[in-house]
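Q: Give the three-dimensional model of this entry:
(chains A and B)
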2 protein chains.
Amino acid sequence: MAKDKKLVEQITSMEEDFAQWYTDVVIKAGLIDYTSVKGCMVLKPAGYAIWELIQSQLDARFKETGVENVYLPMFIPESLLQKEKDHVEGFAPEVAWVTHGGLNQLQERMCVRPTSETLFCDFYAKEIQSYRDLPKVYNQWCSVVRWEKETRPFLRSREFLWQEGHTAHATAEDAEARTVQMLNVYADFCEQVLAMPVVKGRKTDKEKFAGAEATYTIEALMHDGKALQSGTSHNFGDGFAKAFGIQYTDKENKLQYVHQTSWGMTTRLIGAVIMVHGDDSGLVLPPRVAPTQVMIVPIMQKKEGVLEKADELKEMLSTNYRVKVDDSDKNPGFKFAEQEIKGIPLRVEVGPKDIEAGQAVVVRRDTREKYVVPFAELDTKIGEILEKMQQDMFNRALAHREENTHVATSWDEFTDILEKKQGFIKGMWCGNQECEIAIKEETGATTRCMPFEQETLSDVCVHCGKPAKKMVYFGKAY
Amino acid sequence: MAKDKKLVEQITSMEEDFAQWYTDVVIKAGLIDYTSVKGCMVLKPAGYAIWELIQSQLDARFKETGVENVYLPMFIPESLLQKEKDHVEGFAPEVAWVTHGGLNQLQERMCVRPTSETLFCDFYAKEIQSYRDLPKVYNQWCSVVRWEKETRPFLRSREFLWQEGHTAHATAEDAEARTVQMLNVYADFCEQVLAMPVVKGRKTDKEKFAGAEATYTIEALMHDGKALQSGTSHNFGDGFAKAFGIQYTDKENKLQYVHQTSWGMTTRLIGAVIMVHGDDSGLVLPPRVAPTQVMIVPIMQKKEGVLEKADELKEMLSTNYRVKVDDSDKNPGFKFAEQEIKGIPLRVEVGPKDIEAGQAVVVRRDTREKYVVPFAELDTKIGEILEKMQQDMFNRALAHREENTHVATSWDEFTDILEKKQGFIKGMWCGNQECEIAIKEETGATTRCMPFEQETLSDVCVHCGKPAKKMVYFGKAY
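A: A predicted model of the protein is given here:
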């Protein structure tokens, strides 16, 4: 049993160095690898399979709300990018520029899309003429490029996979309703599927998306107490519509500008799953996004009947679950360690003694709880354990967030918490950007959001003492 | 009923101008639109939904053969692209170059992937050490860029969506087996899902992929008698492995080079479906790739109970089929014409008289056959009709190909067929590239493939009269 220990020892402990632990897990669980293309990663089978499960479940939720998928070009001509002033200022410094096609220099250079508002606007300006053409509720799954200087697997890379929804509506109310609706879809998805509680709220003007009137966000708390922005939904009002001339004729035959939204989630979610649920043995995947939910490990597999039984159980369980048998020639201890590193929710051990007793041993990845289950009850019992595990993981993450959410009513309290504790700080804010900037400069903490569920913690701003306008979640963020 | 006629009249007849018919169908069926980005298209909801159905069914077939999905970067550093000599010569003239990241010039320019052999090789060189690491059977779904001068919707555009499989094997035999296996997956998919018969064969050296030892292809015949290369599978031997140093230690502890393959299918398949099955009223979609399989059109929908019945039928049919109700305020004739343009396989008409009689009228898109079906039998009957339609569409396309496949045993016959007929020409070939080039220059016809099912039509080359080596399918191609 030397080998398995070695495998596990390669993972740095979370307490010792969280960043190194994260990198170790990402690599050892086979999710990602570095490439010769600086700042870009390979999503390996184990990583991409998680993305496929995120994609299919999120896409189904989108379609239930009337979303239709499309695909727009990956290139944006420079003149198109420049049409909306705030937007170009936000993105131009971090795009990759294509200047040559084949052997010839392009007449106009194009960037690789960092996001596709400008392309959708150009498209909608042609597509939308009448109120009958509204709403347009389109989404695309694609990759985007942002020329980041520092990159980290899943959290920040020069190219990443995402979905971007772009909608156009007749009225400001419709656009606002869709913006909030999609934020709720995101929050529900994170909580139900990723077992990750989120705080829903609005970004301050300083933190909102380039070109947006309002940005809504879901913020999650990672194991190390840092915040991760996990999905955003933007209401553009009619700003882009005016810049791009997207108008429709209403029922009274009058020309009106459309109101637009956009919303996106990315492969960063995989990073969130790692940092919310992982432990010192590696990844822990919530059953709903686990590409393999059950790993059957035969014990003494060379004994007659063992591999056959393992395959028979796999066959039986495959109708309802994603199941594999590890019949490699590694020893069981090594197989256990691998299953743990990869975060596979359940391990089913079956050896000669189990077969004699007509039962298998089921082990939960998160709690290591063991269940001895008769073969005849295995299918039902596994369903129950997976469901329980999904719930428990959410509850643990929620408890962790609650333990690590603090209230500061004075600047002393605020700095004291930052010094001695980790996590979110709830505090009142005067609404002035100067104050927001000063807080960031003095402490490194940023405004994560103004939560939809507002409380009155005190009457004055936690930093400047002037009258408070909003309760804000502050935190150090990825 | 003026409106519906107008809608249909906007489509040019196939006989009059096939190219214009194609463009009309693509636009009027709402599959695609042009963009401000020259040579790039928007895949609109009706077009992208077909791609989603192709993707999900093809992906399931891949996974049954052990394929795992991954995602590699979209950029290729110039030095990486240049590692395999034939490959870079084939692709360098048609790639888009990124020269700047943000405000800075890159130290080394990168192209946007035209295909990802070089990236996979770079990845495999790190991933593969031992025979235990083999085979690697990876695939990715992504977009690629080729800087084409002339573009046509689906058939040729500067950016297109595809899948590219890249595999590495221990032996030459394993690589060859996988190359053929994937070609068979492609052929089966085209015939079973797209109702499109294909000829399987090998490309001549002149027509093979840049860097491949052998390229296998499936060739389909379009309605206008032109050929369309619909999928290719390449065996690279160990050429790339040697260029990139991809070696493994075998069981005898000796270093060996891997043998590789790649294989791809693209959104071009949607163009094939249009050109194989479409008619003068528009698109005709095989049921298995029809995003909407049944369109329910209420007749006299303002009469009490009609819309309710339409919705009830939709509810009933939705378990087994993809169903919509067209309850817009357009008149039925207009709705019929729209359903036909969009190629929706079945139309179900239901009005007050039908409701009284307890039945609906079902109309097939391809043959316009009408069936009067009692409500209680509708679910079963629709399944039968869709199945029959899928089969009939394949059989018609096969009959069309057989009628338009000709044998030429002399050069006179060859040129005579080209002058008076359309379609494939089967002919013997001496195997010399000079002869192949001369045929192309004299007639515009190219070698489509050397079919797996060889026949001996004569002993001599159809062009030069020297001893024949292979039977070849010739044709004019897209």
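Q: residues from the stretch 351-478 of chain A in reach of chain B?
A: Residues of the stretch 351-478 of chain A lying close to chain B by C-beta under 8 Å from any C-beta of the partner chain: none are found. Placement of C-beta: from N, CA and C, glycine included.
Q: residue ranges with poor pLDDT in the stretch 351-478 of chain A?
A: Low-confidence segments of the stretch 351-478 of chain A, defined by pLDDT under 70, are absent; every residue clears the threshold.
Q: Near chain B, which residues of the stretch 101-250 of chain A are found?
A: Proximity of the stretch 101-250 of chain A to chain B, by C-beta under 8 Å from any C-beta, involves residues A:101-103, A:110, A:112, A:119, A:122-123, A:126-127, A:138, A:142-143, A:145, A:147, A:158-159, A:161.
Q: Give me the subset of those lying in helices.
A: Counted as lying in helices by DSSP state H, out of those, are A:119, A:122-123, A:126-127.
Q: Name only those of the residues you listed that count as buried.
A: In terms of neighbour count (16 or more other C-beta atoms under 10 Å in any protein chain shown), the buried residues within these are A:119, A:122-123, A:127.
Q: now, among the residues you listed, which is nearest to A:C449?
A: Looking at those and their distance to A:C449, the nearest is A:L119, at 28.1 Å (C-beta to C-beta).
Q: mind listing what the closest residue to the closest one other than its chain neighbours touches?
A: What sits nearest to A:L119 in space, not counting adjacent residues and going by C-beta to C-beta, 6 or more residues apart in numbering or on different chains, is A:L72, at 4.7 Å. Contact partners of A:L72, counting by C-beta atoms under 8 Å, 6 or more residues apart in numbering or on different chains, are A:113, A:116, A:119-120, A:123, A:140, B:35, B:42-43.
Q: Just the buried residues from the residues of the stretch 101-250 of chain A next to chain B, in PyMOL please.
A: Here is the PyMOL command that selects the buried residues among these (16+ other C-beta under 10 Å):
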select buried, chain A and resi 101+102+110+112+119+122+123+127+138+142+143+145+147+158+159+161
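Q: What segments of the stretch 101-250 of chain A are helices?
A: Under the criterion DSSP state H, counting those that start in this stretch, helices of the stretch 101-250 of chain A are mapped to A:117-127, A:172-192, A:239-244.
Q: Redo these as TSV? Include mean pLDDT.
A: Supplementary listing: the helices of the stretch 101-250 of chain A in TSV, determined by pLDDT from 0 to 100:
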stretch	mean pLDDT
helix A:117-127	97
helix A:172-192	98
helix A:239-244	96
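Q: What about the residues of the stretch 101-250 of chain A next to chain B, which are in strands?
A: Taking DSSP state E, the ones among these that sit in strands are A:101, A:110, A:112, A:138, A:142-143, A:145, A:159, A:161.
Q: Nearest to the middle of chain A, which residue? Look it up for me.
A: When C-alpha atoms, centre = their mean is applied to chain A, the residue found nearest the centroid is A:L269 (2.0 Å).
Q: phi, psi of that one?
A: Backbone dihedrals for A:L269, given as degrees, to the nearest 10, come out at phi -60, psi -30.
Q: ok, now how distant is it from A:I50?
A: Using C-beta to C-beta, to the nearest Å, one gets 9 Å for the distance from A:L269 to A:I50.
Q: cool, and A:I299?
A: Plainly put, A:I299 is 28 Å away from A:I50 if you go by C-beta to C-beta.
Q: who's more crowded, these two?
A: When A:I299 is set against A:I50 and neighbours are counted by other C-beta atoms under 10 Å in any protein chain shown, the residue ahead is A:I50, at 26 against 19.
Q: After the helix or strand harbouring the more buried one, which helix or strand is next?
A: Counting by DSSP states H and E, the element that carries A:I50 is helix A:45-64. Following helix A:45-64 in sequence order, the next helix or strand is strand A:68-69 (DSSP H and E).
Q: wouldn't A:C142 be in contact with A:P73 here?
A: No - here A:C142 does not reach A:P73: they are 9.9 Å apart, not a contact under C-beta atoms under 8 Å.
Q: just so I have it, where are all the helices in the stretch 301-450 of chain A?
A: Using DSSP H, counting those that start in this stretch, the helices assigned to the stretch 301-450 of chain A run over residues A:306-317, A:332-341, A:352-357, A:378-403, A:411-420, A:433-443.
Q: any idea which of those helices is most buried?
A: The highest mean neighbour count among the helices of the stretch 301-450 of chain A belongs to helix A:332-341 (a mean of 21), with neighbours defined as mean count of other C-beta atoms under 10 Å in any protein chain shown.
Q: That one - contacts with which helices or strands?
A: Secondary-structure packing of helix A:332-341 (3 or more C-beta pairs under 8 Å, 6 or more residues apart in numbering or on different chains; DSSP states H and E): helix A:2-9, strand A:294-298, strand A:346-350.
Q: contacts for the helix or strand hosting A:V42?
A: With elements delineated by DSSP H and E, A:V42 resides in strand A:41-43, which encompasses its position. If you take C-beta under 8 Å, 6+ apart as the criterion, strand A:41-43 is touched by A:31-35, A:51, A:153-154, A:157, A:161, A:267, B:70-73, B:123.
Q: between those residues, which is nearest A:Y473?
A: A:Y473 has its nearest neighbour among these in A:F154, at 22.6 Å by C-beta to C-beta.
Q: How many residues are close by that closest one?
A: Applying other C-beta under 10 Å, we find 27 residues neighbouring A:F154.
Q: Tell me the secondary structure of the nearest residue to A:S410 once chain neighbours are set aside, please.
A: Spatially, and ignoring its direct neighbours in sequence, A:S410 is nearest to A:V462 (6.7 Å; C-beta to C-beta, 6+ apart). Secondary structure for A:V462, judged by DSSP: H, G, I helix; E, B strand; the rest coil, is coil.
Q: Any idea which residue of the stretch 151-300 of chain A lies closest to chain B?
A: A:E159 (5.7 Å; C-beta to the nearest C-beta).
Q: what's the neighbour count on A:H100?
A: The criterion is other C-beta under 10 Å. On that basis, A:H100 has 17 neighbouring residues.
Q: For A:F18, which of the helices of the stretch 301-450 of chain A is the nearest?
A: For these, proximity to A:F18 was assessed by C-beta to C-beta; helix A:378-403 is nearest, at 13.9 Å.
Q: worst average pLDDT in the helices and strands packed on helix A:332-341?
A: Out of the helices and strands packed on helix A:332-341, helix A:2-9 stands lowest, with a mean of 54 (criterion: mean pLDDT).
Q: Counting by contacts, list what the helix or strand just after that helix packs against.
A: Downstream of helix A:2-9, the next assigned helix or strand under DSSP H and E is helix A:18-28. Taking 3+ C-beta pairs under 8 Å, 6+ apart as the contact definition, the neighbouring helices and strands of helix A:18-28 are helix A:268-277.
Q: Quick check: closest non-adjacent residue to A:V297.
A: Leaving aside its chain neighbours, A:V297 sits nearest to A:K335 (4.9 Å; criterion: C-beta to C-beta, 6+ apart).
Q: ok, the one you found to chain B distance?
A: Using C-beta to the nearest C-beta, to the nearest Å, one gets 15 Å for the distance from A:K335 to chain B.
Q: Pull the contacting residues for that residue.
A: Neighbour list for A:K335: A:295, A:297, A:326, A:328 [criterion: C-beta under 8 Å, 6+ apart].
Q: which among those residues end up buried?
A: Among these, those that count as buried by neighbour count (16+ other C-beta under 10 Å) are A:295, A:297, A:326.
Q: The second one touches A:A337, doesn't it?
A: No - here A:V297 lies out of contact with A:A337, judged by C-beta under 8 Å, at a distance of 10.9 Å.
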